[in-house]
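Novice: After the sequence you'll find the predicted model.
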Amino acid sequence: MHLLFVATNLVARSRFVLTLPIMIAWLSLTFVGVVLGQSDEPPRLPVPKTEALRAAEKQIREIFQTEFAAAKKPAEKADLAGKLWNHTVNTDEDATARYALLDAARVLATEADANKFAFNVIESLATQYEVNGSELKMAVLVANSKGMRDAAEQVEFCELIQKAIESAAREEQFEVTSKLVPLLLVSAGKLKDAAQRKPFQTRHAELKLLQPQWAAVAKAKVTLAKSPEDEAANTNYGRYLCLTAGDWDKGLPLLARGTATKLTAVARQDVEQRTTPDEQLALADAWWNLAQSESGIEKQQLLLRANDWYTAVAPELKGLLRTKTHQRMESIKKQYPEAVELQARVRSLRDGTLVLKGFGLSSGMSKSKGKPAAPFTGELDREMVPKLLNARVQVGIKTVGQDKLTFVSRATVLPETPFAITLVSMNSKFVGHDTIVTEDFLKIAQLARLESLHSHGVEFPAEFWKEFPSAETLTQLSLVNAGASDATVATLPKLPHLRTLDLSDSTVSDVALERMATFPSLEFLGISRTRVTARGIEFLETSQLTQLRAENLNLKDWDLAVFAKLEHLSELSLADELLTGEGFRSFSESFPLKRLNLRSVRLSVAGATRIGEIASLQSLTFQEVAFDEAKLKALCAESRVESLGINDSTLPEAALRHLTASLDLKSLDLDGTKVTGAGFKGMMPLRTVTQISLNKTSLDDAGLVHVARAFPNATSLFLNETDLTDAGLKPLRSLTDLNSLALGRTRVTVNGLTSLESLASLDTLVVPAKVSPTEVRAALPQCRNVSGYSK
């Protein structure tokens, strides 16, 4: 398998990342095999014998004779394919008839150019029978590659090609992937819109670079089938699995049998059982040292392997060895925070304990007031846990009498007392068409006590909501980039306790908002990049909504008046290039908005004034916005916010003096601007501001003098990735209340930091990666928390 194909649906802004996110996706995918062990699903059935299959096909033709005769047009063939598919539910005891029905549905769907449906049928076939699903999908795509479609349908066809490549790559069927890669380029070339065409062309270029590696791996596998001890083949395949795919469990034994190299020697040590702290620490250091001569994804994988061993041995260490180990672990974590977090999840799943933020709900989620307690039947829940885990779906359970959510794995011993599945979360980075089928979805829908249901990029079948007993308990529903439409929302049952609903990146429109307004407990709604208009938002006037994310809806200033009618709204996020901010004049003094986030808006002077006049605002953040002196002056003259962020934006130095008009400001964040600090020169001190963030700015030594004078009561100062040197630190000695200071990736050294020894309140310090935290602690004993920065 290759990481690249697991991470198809990464963040929309960075679809084609080749380093860390891809490796993270692989870790998330493979932890199922590492932690959960082998699947205990029933083995696939052999394809029925020819004579029996022909008899079944003849019988199908006789039963559906009229339908076959009438199916001439694509739509008619698609309808018949659906009938045959649905008829398979009556064939549980007849494997031959079921195969014949599915295969006939596949053929008809292919002829109808109903490619997505054909994929679903193929996945059902490949799950139940010994057929090559990747080759069947390739046949569908090749057969229909010359068809004429509108732009939206052609985009979907290209996406199916990508998904087929991913599926084949996960199965290491590189012959299939190599044939589909050129088809992706040809199909993308049929898109007239360059913006639609470009992502697929970029993807093709990336895939083409991988083809030589695929060929080498395929050759190595052939060699190993004949000669398992072949050193060169073991090296090539093992290195690919470990350092590219991240599948250490499978790749490490191969690598250990490879050609004699430093990498092979360390792999052999790793394969052996290292039990003493000295052995484990030596192995971790060996992986760390190997990583120093590598780059890119291979360096990441080596450091993550080192981190695994450092984590294992750290509790047994003392003194300087413990300090050194924690420094290296912290360094790895700062380079690859998400990957390290996933490693922690794998370890905790092995122990059967709950871990990690960012994956669905945290434990101990409070119940909604008045929510009835659904019965803990447990039978279906107990049956579904292993099935969902094998499909790479996240599962959380609660036992009788407890409100603590626990994530489970195949390593977890399920409680003997009744329990209920309360959380199901799936992501197309991990869950593919080949891992979960319609039957599985319908069983999820039958669970009686779901509280949280999350899908990112995985579409639910239309019939999912027909019978949904968890309607009374569901509090969180997320269908982001999951094919949600107005029809989807229309089929949702009454959800009296639903608090959070996110339908971003979907085709829902105003019609859907009218339905959403009927959910009495809804507090958060995400509708970014949908077909919703300002007219539709009016439907939410009677709702209890407090948070709304409505980015990229092509809103104009006059549309903002509809938000002012949402009388409970406390947080609003918008991102539209046509907004100037002038529409905020409709927000009355009594409007409760506390947090406003604006990205990529075309702010005007009048718009800045209107935003500043929103009396209730406490936090205001701009991102990718062009400021000039007049705009910041207009904003600060009216604003009474406590927190102001202007990030990754154009901000002239001369404009900074107008910040003195912000009398209530406590936190200032100018990350990612070109500020040098010169703009603070001669400015009246802002004594109310205690937190200042100037990360990734052009701040230099001369500018820091003015920063220290402008913010004399600073308690937290974040100056990472700036041009500071030792010579510039002395002005900080005047900040006697300074508690936290971040100087990562600057040119500061221990010698310069010693000038801060008089700062008795300084407790937390982030230093450049090349600076020894141990030496800093010795020079500044008041600093209890010193860490390196290597982001």
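Specialist: Looks like it arrived, so ask away.

Novice: Select the longest strand from the chain.
Specialist: strand 419-427 (DSSP state E).

Novice: What strands flank that one, and is each parallel or antiparallel?
Specialist: Strand 419-427 pairs in its sheet with strand 394-399 (antiparallel), strand 452-456 (parallel), by DSSP bridges.

Novice: Which one of those strands lies nearest to K208?
Specialist: Between K208 and the strands paired with strand 419-427, the shortest gap by CB to CB is with strand 452-456, which sits at 27.8 Å. To be clear about C-beta, it is placed using only N, CA and C from the backbone, and glycine gets the same treatment.

Novice: neighbouring contacts of the helix or strand following the closest one?
Specialist: Next along the chain after strand 452-456, taking DSSP states H and E as the criterion, comes strand 476-480. Outside strand 476-480, the residues that touch it by CB atoms under 8 Å, 6 or more residues apart in numbering are 361, 451-457, 460, 488, 495, 498-506, 526.

Novice: try 6 Å this time
Specialist: S452, L453, H454, S455, H456, T500, L501, D502, L503, S504, D505 (CB atoms under 6 Å, 6 or more residues apart in numbering).

Novice: Which of the strands paired with strand 419-427 comes out lowest on mean pLDDT?
Specialist: Note on those: lowest mean pLDDT is at strand 394-399, with a mean of 89.

Novice: ranges for the helices of the stretch 301-450 of the chain?
Specialist: For the stretch 301-450 of the chain, the helices defined by DSSP state H, counting those that start in this stretch occupy 319-335, 337-351, 379-390, 438-445.

Novice: Residue for residue, what is the longest helix this protein has?
Specialist: helix 194-226 (DSSP state H).

Novice: Show me what the next helix or strand after that helix is packed against.
Specialist: Per DSSP H and E, helix 194-226 leads on to helix 231-239 as the next helix or strand towards the C-terminus. Packing partners of helix 231-239 (3 or more CB pairs under 6 Å, 6 or more residues apart in numbering; DSSP states H and E): helix 194-226, helix 248-256.

Novice: Show me what the shortest one packs onto, helices and strands only.
Specialist: For helix 248-256, the contact count by 3+ CB pairs under 6 Å, 6+ apart identifies helix 231-239, helix 262-271 as packing neighbours.

Novice: Out of the ones you listed, which is the most enclosed?
Specialist: helix 231-239 (a mean of 22; mean count of other CB atoms under 10 Å).

Novice: what comes into contact with that one?
Specialist: A216, V217, A220, T223, L224, G251, L254, L255, R257, G258, T259.

Novice: Take these and write them to CSV, including pLDDT, neighbour count and distance to V750.
Specialist: Below are these laid out as CSV (pLDDT from 0 to 100; neighbours: other CB atoms under 10 Å; distance: CB to CB, whole Å):
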residue, pLDDT, neighbour count, distance to V750
A216, 86, 16, 47
V217, 87, 22, 47
A220, 90, 21, 48
T223, 93, 16, 53
L224, 91, 18, 52
G251, 90, 22, 41
L254, 92, 22, 44
L255, 92, 27, 39
R257, 92, 20, 46
G258, 91, 21, 42
T259, 88, 14, 43
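
Novice: now those in CSV, with distance to A727?
Specialist: Converted to CSV, these look like this (distance: CB to CB, whole Å):
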residue, distance to A727
A216, 52
V217, 53
A220, 55
T223, 60
L224, 60
G251, 49
L254, 53
L255, 49
R257, 55
G258, 51
T259, 51
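
Novice: Between those residues, which sits nearest V689?
Specialist: G251 (52.2 Å).

Novice: Apart from its chain neighbours, what residue comes closest to that closest one?
Specialist: Ranked by CB to CB, 6 or more residues apart in numbering and with sequence neighbours excluded, the top spatial neighbour of G251 is L241, at 2.7 Å.

Novice: what's the answer for T609, then?
Specialist: In space, T609 is closest to A634, 4.4 Å off (CB to CB, 6+ apart).

Novice: No further questions, thank you.
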